[in-house]
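S.K.: From the sequence below, what's the structure:
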Amino acid sequence: MLDKSESQADIAMLMADIGRRAKAAARPLAIAGTSVKNAALNAMADAIAARRQDILDANAIDVKAARQSGMASSFVDRLQLDDSRIDSIIDGIRAIAGLADPVGTVIAAWDRPNGLRIERVRTPLGVIGVIYESRPNVTADAGALCLKSGNAVILRGGSDSFHSSRAIHACLTEGLESAGLPADAIQMIPVSDRAAVGELLTGLGGAVDVIVPRGGKSLVARVQADARVPVFAHLEGLCHIYVDKTADPAMARAIVVNAKMRRTGICGAAETLLLDRAVDSELAADILADLTAAGCEIHGDGAVMALLPEAKPATEEDWRTEYLEAIIAARFVDGLDGAIAHIAQWSSSHTEAVIAEDAGVVERFFAEVDSAILLHNASTQFADGGEFGMGAEIGIATGKMHARGPVGVEQLTSFKYRVHGTGQTRS
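M.R.: Prediction:
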């Protein structure tokens with residue numbers, strides 16, 4: 001057994017080597033043709049289909065360990081794979097292959113009076129470090145998105161999905177090699193020691209260009225505090241849904257239940273329900289009853305408890321909690337002003353929805369609420385790159401720099417300028 005100092009030294013050496021290999025792989029990947037990248041992506045999908053049982057067997061090990069450790073059912077749901085979810089992973093990779101290649105796209109072009117032709121062109125970021133928890137499908141999504149956008153990637157999945165992610169990663173490596181691309185273009189950190197994350201956050205001697213954290217508040221906070229390279233922050237999904245007095249009753253009832261209960265463990269699940277104080281009391285009672293019937297526990301203010309006595313009294317902590325399970329905080333607010341004020345105070349700037357028929361209400365909601373994704377008359381569960389037509393996403397960026405909202409292939413690129421001249425010199 002190595003002592004702690006020797007073990008730390010070994011991890012530092014391991015991570016430095018991963019960084020060097022990723023940087024070397026990024027160069028040929030940046031100039032790889034679209035057809036070559038798509039061939040690799042389709043080969044990855046084929047490999048996952050062929051190794052389906054291996055992936056399920058590996059996932060069973062992770063799920064068993066998670067249950068034995070007492071992990072919450074919502075987190076087990078995030079972790080667990082089945083045939084349907086593997087089919088979704090395969091479809092997601094194929095969808096990414098079908099996307100337009102962003103690399104080399106001319107974003108803008110213009111001519112100067114002196115005859116210079118200037119073009120702004122998309123380019124890969126370089127090497128991306130992705131740190132994520134629980135969801136093994138992120139291994140495939142992140143690897144495929146980075147490949148399509150011409151970036152090498154270093155993946156660090158959660159220890160609870162270690163076996164599942166490694167089984168999926170083996171398929172990604174197989175796809176790269178079959179297309180003649182370097183296997184080091186998609187690397188997975190092979191140890192679960194947290195010291196490896198610390199090394200990755202240093203930038204590995206300049207090898208890493210950006211870090212993408214996808215996980216809970218503590219993970220993202222650590223990354224933001226310790227990273228020495230730029231970070232695309234993916235904070236928790238403290239999502240709100242506001243039901244205005246002008247909402248269509250049937251629509252409101254269907255959307256609220258779907259937003260909370262379709263899948264409670266995803267970041268787009270609604271966590272707080274805001275009801276206009278002027279909404280019809282029968283509609284409010286119906287919405288609360290619908291949630292209860294669907295198995296949702298409600299933590300409500302006094303007005304909510306008056307309509308639903310079995311609700312639990314809400315505390316201030318409820319307004320800041322991302323439950324990721326069948327619990328929702330609910331309160332009445334003084335119309336749109338009250339909803340906007342509550343969201344401004346408590347939101348994580350992820351996703352908010354307004355259910356209303358009044359165009360003025362919708363216009364103000366969209367103008368005054370500053371979150372990455374805003375929806376009108378639609379479930380918050382649409383906060384997903386696949387639903388946006390992006391094929392997949394690494395996550396939902398809640399910051400305001402470079403990328404915001406679903407991070408897909410375009411968001412994983414930067415740009416450079418190409419300037420064409422005919423012999424011009426500057427006086």
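S.K.: just checking, D83 touches I55?
M.R.: No. D83 is not in contact with I55 according to C-beta atoms under 8 Å; the separation is 10.3 Å. From N, CA and C alone the C-beta is placed, and that goes for glycine too.
S.K.: Looking at the two, which one has more neighbours?
M.R.: I55 (25 against 9; other C-beta atoms under 10 Å).
S.K.: Skipping adjacent residues, who's closest to that one in space?
M.R.: Sequence neighbours aside, A167 is the residue nearest to I55 in space, at 4.5 Å (criterion: C-beta to C-beta, 6 or more residues apart in numbering).
S.K.: got it, and H402?
M.R.: Nearest to H402 is F232, by C-beta to C-beta, 6+ apart, at 6.8 Å.
S.K.: Pretty sure that neighbour sits against I211.
M.R.: Yes. Assessed by C-beta under 8 Å, F232 is found in contact with I211 at 7.4 Å.
S.K.: ok, W319 - how many residues close by?
M.R.: W319, neighbours per other C-beta under 10 Å, totals 19.
S.K.: any idea how far it lies from I298?
M.R.: For W319, the distance to I298 equals 14 Å [C-beta to C-beta, to the nearest Å].
S.K.: and for those two, which residues touch both?
M.R.: Here W319 and I298 have A329 as joint contacts, going by C-beta atoms under 8 Å, 6 or more residues apart in numbering.
S.K.: ok so, going back, retrieve the pLDDT associated with the residue nearest to H402.
M.R.: On pLDDT, F232 comes in at 84.
S.K.: Share the number of residues neighbouring the closest residue to D244 other than its chain neighbours, please.
M.R.: Among residues not flanking D244 along the chain, A356 sits closest, at 3.6 Å (C-beta to C-beta, 6+ apart). When neighbours are defined as other C-beta under 10 Å, A356 has 24 of them.
S.K.: pretty sure A356 contacts H376?
M.R.: Yes. Using C-beta under 8 Å, A356 is in contact with H376, at 7.3 Å.
S.K.: from memory I11 sits against D193, does it?
M.R.: Yes. I11 lies in contact with D193 (C-beta under 8 Å); the separation is 5.8 Å.
S.K.: Look at those two and report which has more neighbours.
M.R.: I11 (19 against 15).
S.K.: What is the burial count for G157?
M.R.: 27.
S.K.: same check, this time on N114
M.R.: Residues within reach of N114, counting by other C-beta under 10 Å, total 10.
S.K.: number of nearby residues for the residue nearest to it when sequence neighbours are not counted?
M.R.: Nearest non-adjacent residue to N114, counting by C-beta to C-beta, 6+ apart: Q424, 5.5 Å away. By the criterion of other C-beta under 10 Å, Q424 has 11 neighbours.
S.K.: and the end-to-end length of stretch 226-234?
M.R.: In stretch 226-234, first residue to last residue: 15 Å (C-alpha to C-alpha, to the nearest Å).
S.K.: where in the protein is pLDDT low?
M.R.: Applying pLDDT under 70 to the chain flags residues 1-6.
S.K.: care to break it down by domain?
M.R.: The record assigns the chain these domain ranges, following automatic domain parsing: 4-234+394-419, 239-382.
S.K.: Rebuild those domains as JSON lines, extending it with distance to F388.
M.R.: As requested, the domains of the chain are arranged in JSON lines below (distance: least, C-beta to C-beta, whole Å):
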{"stretch": "domain 4-234+394-419", "distance to F388": "5"}
{"stretch": "domain 239-382", "distance to F388": "8"}
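S.K.: Can you point out the buried residues in the helix or strand in which A40 is found?
M.R.: Here A40, judged by DSSP states H and E, is contained in helix 34-50. Across helix 34-50, burial judged by 16 or more other C-beta atoms under 10 Å covers K37, N38, A39, A40, L41, N42, A43, M44, A45, D46, A47, I48.
S.K.: Would you map the strands across the stretch 251-400 of the chain?
M.R.: 270-276, 297-300, 312-313, 327-333, 351-355, 373-376, 396-397 (DSSP state E, counting those that start in this stretch).
S.K.: was I right about I90 contacting A49?
M.R.: Yes. In this structure, I90 is within contact of A49 by C-beta under 8 Å, at 5.6 Å.
S.K.: So which residues of the stretch 51-200 of the chain form helices?
M.R.: According to DSSP state H, counting those that start in this stretch, the stretch 51-200 of the chain carries its helices in the segments 52-68, 73-79, 83-97, 137-148, 162-178, 195-201.
S.K.: Show me what the first one is in contact with.
M.R.: For helix 52-68, contacts defined as C-beta under 8 Å, 6+ apart pick out 48, 75-76, 79-83, 86, 136, 160-164, 166-168, 171.
S.K.: buried subset of these?
M.R.: Neighbour counting by 16+ other C-beta under 10 Å classes 48, 75-76, 79-81, 86, 136, 160-164, 166-168, 171 among those as buried.
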